[in-house]
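Undergrad: sequence below, structure please.
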Amino acid sequence: MITLDMIRKPVTAELEAFDEFVDRQFTAEGELLSDMLRYALSSRGKGIRPLLVLLSAAMNSPVTGAAGGRRVHLAAMLVEMVHVASLIHDDVIDEADTRRGKPSANARWQSHKAVILGDFILARNMNIGLASGQYDLVTHVCGSMAALCEGEVLQSDCAEKRTMTRQAYLDIIYKKTACLIGISASAGAMAVGAPREKVALMRRFGEAVGMAFQIQDDILDYTHTAHTGKPANNDLREGKITLPLLAVLDKVGSERRAELLGRLACCHDDERSVEYLQQIVENEGGLAFAAEVMRSYVTRAVEMLAEYEPSDYRTALANLCTYISERDR
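TA: Sure, this is the predicted structure:
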């Protein structure tokens, strides 16, 4: 069984130095904002994105030890804080009360304060990046912020109109998840001066990892035993059509599709509809289909690593792919 501790092992010291770097950089004036900031930074989760930055930097570094430098820490900070801020804003939009098993920022301090906290983290992040003079890294990461917003609007529009298609779903998860994970992997390579083709390769690798990561998240949402920090079937309650349900909708007739979508519209207030759709998705092959698609992205990501010589860092990245496909099962 592959664990995150096993994956982190080759860059344990670098990760500790990165956490110290973030703690030094992210401070705020005023007791309330300081408390909110500490709370948000203490709930950062698994740290997949900075881990990707550091492993990619180490694997692409021409000299030993370059992956522990300030430029790499800056790259990891830029992507991680964009992610942290996006989660705070997502919880406000979704009216979510919990995040990773703890009260969300909006549940603790009300939505308007949570929005300000997310904005502060984004503003502080960009200010630190620009002040560092590492404009290539800042520019590289900034594009993902627009993609996150585009993905959120597209997801909201598809949910309201019940018009989700396979292509729209893939576009949404690319923009909301895979884009930033791809940026994480490529930023690590860029931070240590890797050639342009290797930076591009690591971006494609990270994007494949990100697609698999989000599809697995969507599968786990239908799994009562998953340890996701959110209630099971949360996507159904929010009216979201993800790949497991979409796989069922795509193979039924128009009358059956309309009936299932009608059930989905009731999920916010009706637990019977939630349980009904959960069982339909499981029994009619939606989870199995989504898992097959997820594994295809994992396979694609692992194949890209063949471009690199064997090393502890390459092994860790391959193990990360396996971990994503097997996590919380």
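Undergrad: okay, which residue is most central for the chain?
TA: Nearest to the geometric centre of the chain sits residue 177, at 4.5 Å (C-alpha atoms, centre = their mean).
Undergrad: quick one: low-confidence parts of the stretch 201-329 of the chain?
TA: 225-231, 328-329 (pLDDT under 70).
Undergrad: hang on, the earlier thing: for the residue nearest to the centre of the chain, report the pLDDT, please.
TA: Per-residue confidence for residue 177 comes out at a pLDDT of 95.
Undergrad: now swap in the one 10 residues further on and tell me
TA: Note for residue 187: predicted pLDDT of 97.
Undergrad: same question for the one 4 residues further on.
TA: The confidence metric pLDDT takes the value 96 at residue 191.
Undergrad: follow-up on the earlier one: so what's the residue lying closest to the residue nearest to the centre of the chain once chain neighbours are set aside up against?
TA: Spatially, and ignoring its direct neighbours in sequence, residue 177 is nearest to residue 214 (4.0 Å; C-beta to C-beta, 6 or more residues apart in numbering). The way it works is simple: take the backbone N, C-alpha and C, and place the C-beta from them, glycine included. Going by C-beta atoms under 8 Å, 6 or more residues apart in numbering, residue 214 touches 173, 176, 177, 178.
Undergrad: columns secondary structure and distance to residue 237 on top of those, output as JSON lines?
TA: What follows is these, written out as JSON lines (DSSP: H, G, I helix; E, B strand; the rest coil; distance: C-beta to C-beta, whole Å):
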{"residue": "173", "secondary structure": "helix", "distance to residue 237": "19"}
{"residue": "176", "secondary structure": "helix", "distance to residue 237": "18"}
{"residue": "177", "secondary structure": "helix", "distance to residue 237": "20"}
{"residue": "178", "secondary structure": "helix", "distance to residue 237": "24"}
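Undergrad: how about JSON lines for those residues, with distance to residue 15 added?
TA: Supplementary listing: those in JSON lines, determined by distance: C-beta to C-beta, whole Å:
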{"residue": "173", "distance to residue 15": "26"}
{"residue": "176", "distance to residue 15": "25"}
{"residue": "177", "distance to residue 15": "21"}
{"residue": "178", "distance to residue 15": "23"}
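Undergrad: looking at those residues, which is nearest residue 135?
TA: residue 178 (24.6 Å; C-beta to C-beta).
Undergrad: could I get the phi/psi values of residue 99?
TA: phi -150, psi 110 (degrees, to the nearest 10).
Undergrad: which parts of this structure are strands?
TA: Secondary structure of the chain by DSSP state E: the strands cover 98-99, 102-103.
Undergrad: what pairs with the last one, and is each one parallel or antiparallel?
TA: So that's strand 102-103. strand 98-99 (antiparallel) (DSSP bridges).
Undergrad: now find how far off-centre the partner strand is within its chain.
TA: 15 Å (C-alpha atoms, centre = their mean, to the nearest Å).
Undergrad: and if you look at stretch 264-278?
TA: On C-alpha atoms, centre = their mean, the centre of stretch 264-278 falls 26 Å from the chain's centre.
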